[in-house]
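K.L.:
Sequence and predicted structure, then a few things I'm wondering about:
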2 protein chains.
Amino acid sequence: MGMNQTPASERVHISFFGKRNAGKSSVINAVTGQDLAIVSSVRGTTTDPVYKTMELLPLGPVMIIDTPGIDDEGELGALRVRKSYQVLNKTDIAILVVDSTTGKGEEELALIHRFHKKGIPYLVVYNKIDLLSGEEIKDLAMSVRPGEVLVSAADGMNIQELKEKIATLKPEDTHKYPLLQDLIEPLDLVILVVPIDKAAPKGRLILPQQQTIRDILERGALSLVVRDTELKSTLDHFLTQGVCPKLVVTDSQVFARVSKDVPENITLTSFSILFSRYKGELETQLEGVATLSSIQDDDRILIAEGCTHHRQCGDIGTCKIPNWIRNYTGKKPVFEFTSGTEFPDDVSSYKMVVHCGGCMLNEREMKYRIACCHDQGVPITNYGLLIAQVTGILKRSLGPFPEMQKLV
Amino acid sequence: MGMNQTPASERVHISFFGKRNAGKSSVINAVTGQDLAIVSSVRGTTTDPVYKTMELLPLGPVMIIDTPGIDDEGELGALRVRKSYQVLNKTDIAILVVDSTTGKGEEELALIHRFHKKGIPYLVVYNKIDLLSGEEIKDLAMSVRPGEVLVSAADGMNIQELKEKIATLKPEDTHKYPLLQDLIEPLDLVILVVPIDKAAPKGRLILPQQQTIRDILERGALSLVVRDTELKSTLDHFLTQGVCPKLVVTDSQVFARVSKDVPENITLTSFSILFSRYKGELETQLEGVATLSSIQDDDRILIAEGCTHHRQCGDIGTCKIPNWIRNYTGKKPVFEFTSGTEFPDDVSSYKMVVHCGGCMLNEREMKYRIACCHDQGVPITNYGLLIAQVTGILKRSLGPFPEMQKLV
């Protein structure tokens, strides 16, 4: 069975940058012990960023990203360079590979400047030292600074040292809050309400549902997974038999119905709210959703999704959310939409941003988007909180978090 | 939330082949409406097979595979050509892109021969007809055969027609059996036993677990997900309260313990057995596991995994299974191991093959591996059945399938 399935969003993203032919791909292959990409001595073999998930000890599950050369030329080359720079927004650790026979040039210095600006921990790797004379290696070794490593991918020299240095740059686990382990005890029963509609992925569960079941398992508690359409019968049966759930967690889209079916004395919340808290975003997004009350005609609202998927009629982002907002506010704002990696750097023209849960984005990218909004004074909220607000059950669904309930 | 998450193994795999610069990537971009790869007029831009999951109407969720040119030259080129040919083993629909200004050459004919040999449905796409004169287009159109399409990726000509033709090649749903929908009724309770160990993927559930929960939801029934360590307390509590599960499904690795904890009157099976039946492999794999009784010293046994993951001490494939086999048979066979796409074409030197559940392989590739063994008279079984056999509970775990129980 597939065991190498840590979600991309939970992996440390390690990106390798450098000029064409500095030996990025060779260094990656040496570090990972795998043939990630075809390596050739032809300049510019990597034409698109290449993503590969793997276990890299002692770091654990990582996403390795090989990027096109930062010195690529021509129209096509410029496109490739832009793709390399875009990778920065999701990079947890940057590795800049420099050809030690030529040294750092202005492209490398420009990139290091960006690492600093974005606060990305990085290493500079001088590759190809096998091509230097003993004297040259000595000179280079004398001049290296902390965060600089001399290696030869060709003969494996210092690769182990490089791996250990990379591991020291591992970002701290930034989760201030657990997902829901603090809300339950071993053997507690948690009911998870999972509607099945045409947008649900065929043959599987979406990530937040999986992560929640996993978190409950790790607490030694029990998950009962049920559709919204069977929730009432199930609850009636279980409660009659004296089996009472400690908590009900629902998909936000069926919030209104579920809220009716779950007796008031049973705590109810949503996957969205649990994940907002887990990521430390709940307070910001509660402030964001409050903006709904001041929406006016022609205000611009950006609806952003982290993943690209085929847009169907009735799609939550492009149809349901705009309708909910129009009905709730009684106004006619203007909606714009982005998906995937398209999120604009400049959001200043928007009255508010409504983002999906971001389960397919890594934490750095989601934090970057929230920071973009924050820096430009634009409120941001997410789908789940917005739905809770417009269906009138935001307060109830914050039941597990009384200090947050006070903010509503 | 991420909705585009159909597992790769459940997607129709559509592979695009052709000479360098025949315009494979352009045709893909035209068909998918997305920039899958950077397209350039430089020969050989695609250096490694590129995989991309997407929704392609009217087909639904697909995996699009862009392959390196089949006419690439030199040592590096030959490596790329080999990578293209390897893609055939997982291809459900092949699209051969031909430059209509040059026509088919021997590389194309060789590839078509392979399509026939492997029984892969395919289309030949004559691209770049915008570069032909009216007369040339007319001549070409007169000579095309069924399964050949004239298009221009550059100006979108006949792309819609191509998409419709691709859709007609969609493989039949080959599942003779449901996963477990025929074993349960709406509102039935199914207990799923999911151990959490260091090999379990961080923060999520493995695919067979997800697919099982999903299948139960679609039947309107209930999944109770519990660790092996809490199973006994949970069952005691539920049974005391008069709530009785219809079925218990367990991970094979904790079979022995679970079998003790589940009262004999409750039906017990494993994820492995459900998936073997679903894929139509159960009978073959039951025959395969029977080979264990005739293993002798020095017999060679191949242990094959579908995914590559970091090997840890105690790893099921490399440690646990060999130990179980040695203990069960009292013999000292020789073990060999493969993972990922390395499965050998020639398995004739092995006494038996033990394969993982193959949840990360698409159905065509898994069937190909089973066919390899079958053609060469080598028994094949899977991890789950082997564990059930060596722990002595194979018969019990076939309880839901009495006709299979007779074979043991």
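P.N.:
That came through, no problem. Numbers count the residues shown, from 1 in each chain, chains lettered A, B, ... in the order given.

K.L.:
Report the secondary structure state of residue A:337.
P.N.:
strand (DSSP: H, G, I helix; E, B strand; the rest coil).

K.L.:
is it in a bridge, and if so with what?
P.N.:
Under DSSP bridges, the beta-bridge partners of residue A:337 are residue A:303.

K.L.:
For the stretch 201-350 of chain A, which residues score under the pLDDT cut-off?
P.N.:
Scanning the stretch 201-350 of chain A with the threshold set as pLDDT under 70 gives A:201-202, A:308-314.

K.L.:
Flag every residue of it that's near chain B.
P.N.:
Contact residues (CB under 8 Å from any CB of the partner chain) of the stretch 201-350 of chain A with chain B: A:201-208, A:210-211, A:213-214, A:216-218, A:220-227, A:229-230, A:233-234, A:237-238, A:241-243, A:271, A:306-310. The way it works is simple: take the backbone N, C-alpha and C, and place the C-beta from them, glycine included.

K.L.:
Can you flag which of those belong to helices?
P.N.:
With helices defined by DSSP state H, the entries of those inside them are A:207-208, A:210-211, A:213-214, A:216-218, A:229-230, A:233-234, A:237-238, A:271.

K.L.:
Only whichever of these are buried, select them in PyMOL.
P.N.:
Selection of the buried residues among these in PyMOL, burial being defined by 16 or more other CB atoms under 10 Å in any protein chain shown:
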select buried, chain A and resi 207+208+210+211+213+214+216+217+230+234+237+238+271
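
K.L.:
which residue is nearest the middle of chain A?
P.N.:
Among the residues of chain A, the one closest to the centroid is residue A:362, at 2.0 Å (CA atoms, centre = their mean).

K.L.:
Tell me if I'm right that that one and residue A:15 touch.
P.N.:
No. Counting by CB atoms under 8 Å, residue A:15 is not a contact partner of residue A:362; they are 11.4 Å apart.

K.L.:
so residue A:32 touches residue A:56, yeah?
P.N.:
Yes. At 6.4 Å, residue A:32 counts as touching residue A:56 under the criterion of CB under 8 Å.

K.L.:
which residues in the stretch 301-408 of chain A form strands?
P.N.:
A:334-338, A:352-355, A:380-382 (DSSP state E, counting those that start in this stretch).

K.L.:
if I pick residue A:83, what's in contact with it?
P.N.:
For residue A:83, the contact set (CB atoms under 8 Å, 6 or more residues apart in numbering or on different chains) comprises A:48, A:49, A:67, A:68.

K.L.:
Quick check: which element contains it?
P.N.:
Secondary-structure assignment from DSSP states H and E places residue A:83 in helix A:74-87.

K.L.:
Tell me the buried residues in that helix?
P.N.:
A:76, A:77, A:79, A:80, A:81, A:83, A:84, A:87.

K.L.:
and which of the contacts of residue A:83 is nearest to residue A:408?
P.N.:
Nearest to residue A:408 out of those is residue A:49 (CB to CB; 41.4 Å).

K.L.:
so the closest one makes contact with residue A:68?
P.N.:
Yes. Residue A:49 sits in contact with residue A:68 when judged by CB under 8 Å, with a separation of 6.9 Å.

K.L.:
Can you confirm whether stretch A:11-22 lies near chain B?
P.N.:
No. Applying CB under 8 Å from any CB, one finds stretch A:11-22 out of contact with chain B, separated by at least 8.9 Å.

K.L.:
picking that back up, out of the ones in helices among the residues of the stretch 201-350 of chain A next to chain B, which one sits closest to residue B:355?
P.N.:
Closest to residue B:355 out of those is residue A:210 (25.0 Å), distances taken as CB to CB.

K.L.:
Mean neighbour count added to the strands of the stretch 301-408 of chain A, as CSV?
P.N.:
Output for the strands of the stretch 301-408 of chain A, formatted as CSV (neighbours: other CB atoms under 10 Å in any protein chain shown):
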stretch, mean neighbour count
strand A:334-338, 15
strand A:352-355, 26
strand A:380-382, 26
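
K.L.:
So which of these is nearest residue A:275?
P.N.:
Relative to residue A:275, the nearest member of those by CB to CB is strand A:380-382, separated by 8.5 Å.

K.L.:
Return the residue of chain A that is most distant from the centre.
P.N.:
When distances to the mean C-alpha position of chain A are computed (CA atoms, centre = their mean), the maximum falls on residue A:135, with 45.8 Å.

K.L.:
Which secondary structure state does that one sit in?
P.N.:
Following three-state DSSP, the label given to residue A:135 is helix.

K.L.:
Tell me the spacing between it and residue B:53.
P.N.:
Applying CB to CB, to the nearest Å, the value for residue A:135 to residue B:53 is 52 Å.

K.L.:
Check residue A:160 too.
P.N.:
Computed as CB to CB, the residue A:160 to residue B:53 distance reads 36 Å.
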